[in-house]
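**Student:** Okay, here's the prediction I keep looking at, along with the sequence it came from:
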Amino acid sequence: MKENNSITVILDIKNQDVWEEIKNAISSVEGFHVCDKALRVQNPGTYDLLVMEIGDEPQKDIQFANTLKTSGIARDIFFTSSNTNPDILIEALRLGAKEFFIQPLKKEEVKKALLKIKGQKEGKKGEGDSVKKGKIINVFGSKGGVGTTTVAVNLAISLLELEGSPSVAIVDLKPVFGEVPVNLNIEPAFSWLEITKNISRLDPTYLMSILYRHSSGIYVLPSPTELTDLAISPQPLATLLKFMQTMFDFIVIDSGQSLDQISQAITTISDKIFLVCVLNLPCIINLKKLLDTLKKLGCPDDEHIGIIANRFHRNSDISLKEAEESLKKKISWSIPNAYKISMSATNQGKPVCTIAQGTEIGKKFKELAHTFSLNNNGKMHGGTLKKTEKGIFPLSSFFGQRKV
Ligand SMILES: Nc1ncnc2c1ncn2[C@@H]1O[C@H](COP(=O)(O)OP(=O)(O)O)[C@@H](O)[C@H]1O
Ligand SMILES: [Mg+2]
């Protein structure tokens with residue numbers, strides 16, 4: 001069982017004998033915990049140490065390890081391989097791998113390396129994490145057509161206005177035919193499918209070559225525009241989002257309204273989940289079910305989940321108070337029904353907030369974005385993100401002049 005403060009280790013080793021040997025070596029040193037999860041299959045967590053075997057495709061394995069390290073999924077890396085090609089060794093060490101064990105393994109060598117990691121961790125206690133960790137804001141619809149995409153897009157653009165000019169990306173999570181590009185009136189050439197198919201290639205340059213930069217300043221990662229035969233697994237998408245957290249201050253996700261395997265995995269790594277509804281009976285019923293399901297999925301408390309009543313008008317059949325009583329939860333935000341402005345925005349191919357400055361709906365999106373502004377302690381209102389130093393990448397080289 002995992003003890004508090006133990007050093008968590010994840011193994012990515014294909015050869016069963018090598019796997020056993022490594023596991024035995026780890027068990028012989030106190031203070032380590034080997035996680036049972038298979039890294040390439042399930043939704044990744046974060047681990048102190050990754051032990052990866054370099055197999056027949058060394059480049060691919062080393063790149064994948066690089067992605068995991070950069071995204072903060074694995075802090076330190078040990079490699080092992082039966083391949084003694086010096087080029088591989090150099091490449092692995094360039095990545096900052098702490099050790100490279102040539103097979104056959106020497107147990108004492110592994111133990112010594114583990115003790116070194118333990119010593120380093122103890123020395124670093126209390127230092128905190130210096131990797132940038134942007135906030136994932138997941139916008140989820142309680143029904144189709146309630147305004148999920150509208151909220152996601154306008155929140156993303158409004159976040160750009162916050163102090164410090166944060167970097168913002170929006171991800172359309174629909175498996176196919178997402179609606180974010182339509183709302184922004186853009187036709188991007190690529191989608192997240194290109195990245196998830198090549199997750200071992202992921203690095204900042206590759207990611208930036210796939211993202212579409214909208215004129216507002218947000219970066220868009222659309223969903224696939226064609227049906228694909230590929231079964232889409234949640235793991236590469238979760239890895240991609242964690243990687244994006246090291247590059248952006250905010251990642252807004254349009255999750256649509258399906259609670260499939262992918263969106264279930266993404267809810268578990270979201271910092272904030274907004275459930276969008278309109279005040280009518282079918283929507284409130286769905287919302288109740290959704291709240292129960294999220295609870296079962298292990299999504300924590302009230303602070304983590306916010307309800308947004310969209311297309312709100314004071315004389316609706318169901319009042320805010322009645323909805324709250326039925327849901328046994330406060331409705332955090334109401335966005336007014338603004339039919340004319342919305343129609344005009346749609347016809348101009350522009351997001352509502354860019355043409356509705358000064359109107360009630362424009363102000364509401366601004367206020368919503370402001371709940372994510374930093375207070376003096378570096379804590380977010382309604383959240384727990386710790387603002388750390390700027391990212392490990394020279395972001396300016398990617399972003400250039402962002403605001404237009
Ligand atoms: N607050 C609002 N007031 C008026 N119309 C709105 C509002 N929010 C969204 N709409 C309109 O409702 C329609 C559906 O919105 P959309 O964001 O695509 O919904 P969903 O993503 O939930 O399917 C769009 O035509 C949009 O312009
Ligand atoms: Mg939508």
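**Tutor:** Yes, it's here. Ligands and ions are numbered 1, 2, ... in the order given.

**Student:** In a strand, K133, correct?
**Tutor:** No. Judged by DSSP: H, G, I helix; E, B strand; the rest coil, K133 forms no part of a strand; its state is coil.

**Student:** Could I get the contacting residues of the closest residue to it other than its chain neighbours?
**Tutor:** Nearest residue to K133, sequence neighbours excluded (C-beta to C-beta, 6 or more residues apart in numbering): Q245, at 5.2 Å. To be clear about C-beta, it is placed using only N, CA and C from the backbone, and glycine gets the same treatment. For Q245, the contacting residues are S71, G72, K132, K133, G134, K135, I136, I251, by C-beta atoms under 8 Å, 6 or more residues apart in numbering.

**Student:** what about the stretch 301-404 of the chain, any weak spots by pLDDT?
**Tutor:** Scanning the stretch 301-404 of the chain for pLDDT under 70 picks out 301-302, 375-404.

**Student:** Show me which residues of it sit near ligand 1.
**Tutor:** Within reach of ligand 1 by C-beta under 6 Å from any ligand atom, the stretch 301-404 of the chain has these residues: N310, R311, I335, N337, A338, Y339, S342, T346, I361.

**Student:** hmm, which of the residues you listed are the buried ones?
**Tutor:** Buried subset of those (neighbour count, 16 or more other C-beta atoms under 10 Å): N310, R311, I335, N337, A338, S342, I361.

**Student:** spatially speaking, which residue is in the middle of the protein?
**Tutor:** L241 (3.2 Å; C-alpha atoms, centre = their mean).

**Student:** so what's that residue up against?
**Tutor:** Neighbour list for L241: I136, V171, I251, I253, I266, I269 [criterion: C-beta under 8 Å, 6+ apart].

**Student:** excluding its backbone neighbours, what's nearest the residue of the stretch 301-404 of the chain found nearest ligand 2?
**Tutor:** Ranked by C-beta to the ion, the top residue of the stretch 301-404 of the chain for proximity to ligand 2 is N310, at 11.6 Å. Excluding the flanking residues, the one nearest N310 by C-beta to C-beta, 6+ apart is G147, at 3.9 Å.

**Student:** Can you tell me how far that neighbour is from N198?
**Tutor:** Applying C-beta to C-beta, to the nearest Å, the value for G147 to N198 is 34 Å.

**Student:** again with P86
**Tutor:** 27 Å.

**Student:** More neighbours: those two, which one.
**Tutor:** Using other C-beta atoms under 10 Å, the more surrounded residue of P86 and N198 is N198, with 14 against 7.

**Student:** Now for the closest residue to that one other than its chain neighbours, how many residues are close by?
**Tutor:** Excluding its sequence neighbours, the residue lying closest to N198 (C-beta to C-beta, 6+ apart) is Y206, at 7.7 Å. Neighbourhood size, Y206 [other C-beta under 10 Å]: 15.

**Student:** Give me the distance between the two termini of stretch 82-97.
**Tutor:** 17 Å (C-alpha to C-alpha, to the nearest Å).

**Student:** Same check on stretch 254-266?
**Tutor:** End-to-end for stretch 254-266, by C-alpha to C-alpha: 11 Å.

**Student:** Look through this protein and state the residue closest to ligand 2.
**Tutor:** Among the residues of the chain, T149 lies closest to ligand 2, at 3.3 Å counting by C-beta to the ion.

**Student:** and after the longest helix anywhere in the chain, which helix or strand comes next?
**Tutor:** Assignment by DSSP state H gives helix 107-124 as the longest helix of the chain. Sequence order places strand 135-141 as the next helix or strand after helix 107-124, per DSSP states H and E.

**Student:** Which neighbouring elements make contact with that following strand?
**Tutor:** Packing partners of strand 135-141 (3 or more C-beta pairs under 8 Å, 6 or more residues apart in numbering; DSSP states H and E): helix 148-159, helix 234-245, strand 250-254, helix 261-268, strand 272-277.

**Student:** which residues are in contact with that strand?
**Tutor:** Under the contact criterion C-beta under 8 Å, 6+ apart, strand 135-141 has outside partners 147-148, 151-152, 155, 241, 245, 249-257, 263, 266-267, 269-276, 290, 372, 380, 383, 385.

**Student:** swap in stretch 81-88?
**Tutor:** Counting by C-beta under 8 Å, 6+ apart, stretch 81-88 makes contact with E53, I54, G55, P58, I62, F100, I102, Q103, all of which sit outside it.

**Student:** give the contact list for the closest residue to the first one other than its chain neighbours.
**Tutor:** Meaning E53. Leaving aside its chain neighbours, E53 sits nearest to I13 (4.3 Å; criterion: C-beta to C-beta, 6+ apart). Neighbouring residues of I13 by C-beta under 8 Å, 6+ apart: W19, I22, V51, M52, E53, T80.

**Student:** got the buried residues for stretch 265-272?
**Tutor:** By 16+ other C-beta under 10 Å, the buried positions in stretch 265-272 come out as A265, I266, T267, I269, S270, D271, K272.

**Student:** If we only consider the residues you listed, which is nearest to P188?
**Tutor:** I266 (20.2 Å; C-beta to C-beta).

**Student:** Please report the distance of the closest one from G298.
**Tutor:** Remark: distance between I266 and G298 (C-beta to C-beta) = 13 Å.

**Student:** P222 now?
**Tutor:** 29 Å.

**Student:** Between these two, which has more neighbouring residues?
**Tutor:** Taking other C-beta under 10 Å, P222 and G298 do not tie; P222 has more neighbours (28 against 8).

**Student:** looking at it, that one is touching P181, isn't it?
**Tutor:** Yes. The pair P222 and P181 qualifies as a contact (C-beta atoms under 8 Å) at a distance of 5.2 Å.
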